[in-house]
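In: build me a model:
(chains A and B)
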Amino acid sequence: AQKVTQAQTEISVVEKEDVTLDCVYETRDTTYYLFWYKQPPSGELVFLIRRNSFDEQNEISGRYSWNFQKSTSSFNFTITASQVVDSAVYFCALSERNGGFKTIFGAGTRLFVKA
Amino acid sequence: DTGVSQDPRHKITKRGQNVTFRCDPISEHNRLYWYRQTLGQGPEFLTYFQNEAQLEKSRLLSDRFSAERPKGSFSTLEIQRTEQGDSAMYLCASSSDLSGRAGDTQYFGPGTRLTVL
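Out: Numbers count the residues shown, from 1 in each chain, chains lettered A, B, ... in the order given. All right, here's what the predicted structure looks like:
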């Protein structure tokens, strides 16, 4: 069965600190896709990244980086030099090639970045 | 290039009333999804359309819920005889994939927040 666990409910950091958001997933499919979305206070989910199960290369985009490790079923997200505008709820999500068209989301991690 | 739009943004209704929400996907997207999000939780999948065909429905979608996408463009989600437990944010997402496979990136609208009194 599909499952996504984001164990950190809330994280609070001071501006310019680095922060890592954890994501652990469960799937029986060999082909699957992992996503991260950001939900700022305005409420709209903003797509950040998509990664397929065959691509374990880490990715960096500006201050954002993602660490995908199939051995531990984890897809962690790091924000370097955090800024107040990074304050939001971040969701990790999973979609399986053979699991229908639904995407399963974790419960989210609320990040507070204080000035 | 406009994103996904949803109308209304907020809806307050009394228990037992019917409500209808509209979603306009990104214009070239053939796939459309509805999700429900309650406070402190991630979005939960409700249903999926490929063009005008409703191909997948969650068990969360009770008989009081119905969704349509009549011409493969906009979609409506109707809730009949609303209950207080229906209070949530209803999110619409769209994507474009001609391969027939799952796993493409979904782009979300701003949501419709429903409050049932």
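
In: tell me the buried residues in the worst-scoring helix or strand of chain A on mean pLDDT?
Out: Lowest on mean pLDDT, DSSP states H and E among the helices and strands of chain A sits strand A:59-61, with a mean of 90. For strand A:59-61, burial by neighbour count (16 or more other Cβ atoms under 10 Å in any protein chain shown) applies to no residue. No exception for glycine: its C-beta is placed from N, CA and C like everyone else's.

In: mind checking pLDDT for the closest residue to residue B:90 other than its chain neighbours?
Out: Distances taken as Cβ to Cβ, 6 or more residues apart in numbering or on different chains put residue B:112 closest to residue B:90, at 4.8 Å, once the chain neighbours are dropped. For residue B:112, the pLDDT comes out at 97.

In: stretch B:38-58 near chain A anywhere?
Out: Yes. Contact of stretch B:38-58 with chain A (Cβ under 8 Å from any Cβ of the partner chain) involves B:40, B:41, B:42, B:43, B:44, B:45, B:48, B:50, B:55, B:56, B:58.

In: grab the nearest non-local neighbour of the residue in chain A positioned nearest to chain B.
Out: Closest contact between chain A and chain B, by Cβ to the nearest Cβ, is at residue A:105 (3.1 Å). Closest residue in space to residue A:105, ignoring its immediate chain neighbours: residue B:42 at 3.1 Å, by Cβ to Cβ, 6+ apart.

In: what residues does chain A have near chain B?
Out: Going by Cβ under 8 Å from any Cβ, the residues of chain A near chain B are A:4, A:31-33, A:35, A:37, A:42-47, A:50, A:52, A:91, A:93, A:95-108.

In: Produce a ChimeraX select command limited to the buried residues of the residues you listed.
Out: The buried subset of those, as determined by 16+ other Cβ under 10 Å, is captured in ChimeraX by this line:
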select /A:4,31,32,33,35,37,43,44,45,50,91,93,95,96,97,99,100,101,102,103,104,105,106,107,108
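
In: quick one on the thing from earlier: any of the residues of stretch B:38-58 next to chain A buried? List them.
Out: B:42, B:43, B:44, B:45, B:48, B:50, B:56, B:58.

In: farthest-separated two in the residues you listed?
Out: Greatest spacing in those, by Cβ to Cβ: B:42 and B:50 (23.3 Å).

In: in contact with residue 25, which residues?
Out: I went with chain A, as the question did not name one. A:2, A:3, A:4, A:5, A:32, A:34, A:73, A:74, A:75, A:92, A:94 (Cβ atoms under 8 Å, 6 or more residues apart in numbering or on different chains).

In: my question was about chain B
Out: Contacts of residue B:25 by Cβ under 8 Å, 6+ apart are B:4, B:32, B:73, B:74, B:75, B:92, B:94.
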